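Sequence and predicted structure are below.
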Amino acid sequence: MAASAGMSASAPGRHEVVVSVEDVTLSFGGVTSLSHVSLQQARGEILAVIGPNGAGKTSLFNCLTGVYVPQSGRIVFYSRRRGPVSIVGHRPHLVNRAGIARTFQTSRLFNALTAFENVKIGVESPQRTGPLGAMLHLPRTRREERESDSRTVELLEFVGLRGRSNDLASALPYGDRRRLEIARALGTGPELLLLDEPAAGTNPAEKAALAELIRDVNARMGVSVLLIEHDMGLVMSLADRIVVLNFGQVIASGTPAEVQRDPAVVEAYLGAPDPEDA
């Protein structure tokens, strides 16, 4: 199924593209999770991917981060540091090193470590010090240690958790755990941050605070944000553009107002009207 008329599935709406997905197909056995999916995201944009359960949203994220390798298609990340990087066939840690970070639908924190230690793991992941440098405590090692401690404190401050830096991750309220996951992802220095259901399980107050944090990540840190989210109120308030998936295909793309009015989107969420009711 093609994108609706008047809504390009690939037009980023801005001049500089940060990631381009071209004709990606992903299958598991006889089941097709993504079918010829194409989209582009502009640098600095908040782009939301929505769709019913099983639409292929998390499969798309897994392709973007190297977890899955699609059978066909291209994914190119346009890194300011490295230039164009082909994602397909690269392992997740190399994708992260190129400048793409993500959070997960379910918590992946190190529960036995403190908030500070969780974020520091993210901050130290791009560092060049190897085991030998760590053992010898070389000058570069000491410098990187000071820098990573400072950056960790900055990120905890940014997400509003500096006062809880010594608390175990397992002791944090759920909303704070979501913030901590974002801080750890930001520690890797991404240009593109993928958020998989960031508001899942949060109460209204936590959800509002999380939305404000995502805006700050985008506006104050200059990080492009690609998110999957079921809360349509949150999506409509945050996203510059929305791409809609259904049964692994792009059925619509546009501004929140355009997508809300699109008949294919209404049908995907609410079902086609019964002819007998017409």
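Nice, thanks for sending it over.

Show me the shaky parts of the stretch 1-150 of the chain.
Applying pLDDT under 70 to the stretch 1-150 of the chain flags residues 1-15, 127-140.

Try it again at 80.
Scanning the stretch 1-150 of the chain with the threshold set as pLDDT under 80 gives 1-15, 107, 126-142, 144.

show me where it has helices.
Counting by DSSP state H, counting those that start in this stretch, the stretch 1-150 of the chain has helices at residues 57-64, 92-98, 115-124, 131-136, 139-158.

Could you do the stretch 151-278 of the chain as well?
Under DSSP H, counting those that start in this stretch, the stretch 151-278 of the chain gives helices at 174-186, 204-219, 232-238, 256-261, 263-270.

helices or strands up against the shortest one?
Helices and strands touching helix 256-261, by 3 or more C-beta pairs under 8 Å, 6 or more residues apart in numbering; DSSP states H and E, are helix 232-238, strand 241-246, strand 249-254. The way it works is simple: take the backbone N, C-alpha and C, and place the C-beta from them, glycine included.

Mind putting those into CSV with distance to Leu39?
Formatted as CSV, the helices and strands packed on helix 256-261 follow (distance: least, C-beta to C-beta, whole Å):
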stretch, distance to Leu39
helix 232-238, 16
strand 241-246, 5
strand 249-254, 6
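
quick one: which of the ones you listed is nearest Ala42?
Closest to Ala42 of the helices and strands packed on helix 256-261, according to C-beta to C-beta: strand 241-246, at 8.2 Å.

so what strands line up beside that closest one?
Paired strands of strand 241-246, with direction, are strand 46-50 (parallel), strand 249-254 (antiparallel) (DSSP bridges).

Give me the residues contacting stretch 146-156.
115-116, 119-120, 123-124, 127, 162, 164-165, 183, 186-187 (C-beta atoms under 8 Å, 6 or more residues apart in numbering).

And for stretch 225-238?
If you take C-beta under 8 Å, 6+ apart as the criterion, stretch 225-238 is touched by 19, 41, 45-50, 57-58, 61, 64, 105, 192-200, 207, 211, 214-215, 217-218, 239, 242, 256, 260.

Which among those residues count as buried?
With burial judged by 16 or more other C-beta atoms under 10 Å, the buried subset of the contacts of stretch 225-238 is 19, 41, 45-50, 57-58, 61, 64, 192-199, 207, 211, 214, 217-218, 239, 242, 256.

want to try CSV for the helices and strands packed on helix 256-261, with distance to Ile87 and mean pLDDT as columns?
Formatted as CSV, those follow (distance: least, C-beta to C-beta, whole Å; pLDDT from 0 to 100):
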stretch, distance to Ile87, mean pLDDT
helix 232-238, 24, 93
strand 241-246, 17, 96
strand 249-254, 18, 96
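
can you tell me which of these comes nearest to Glu145?
helix 232-238 (36.1 Å).

Flag every buried residue along the closest one.
Leu234, Val235, Met236, Leu238.

One more: stretch 174-184?
Buried-residue list, stretch 174-184, by 16+ other C-beta under 10 Å: Gly175, Asp176, Arg177, Arg178, Arg179, Leu180, Glu181, Ile182, Ala183, Arg184.

who's in contact with the residue nearest to the last one when sequence neighbours are not counted?
Going back to what we said before, that points to Arg184. Nearest non-adjacent residue to Arg184, counting by C-beta to C-beta, 6 or more residues apart in numbering: Gly122, 4.0 Å away. Going by C-beta under 8 Å, 6+ apart, Gly122 touches Ala101, Ala183, Arg184, Ala185, Leu186, Gly187, Thr188.
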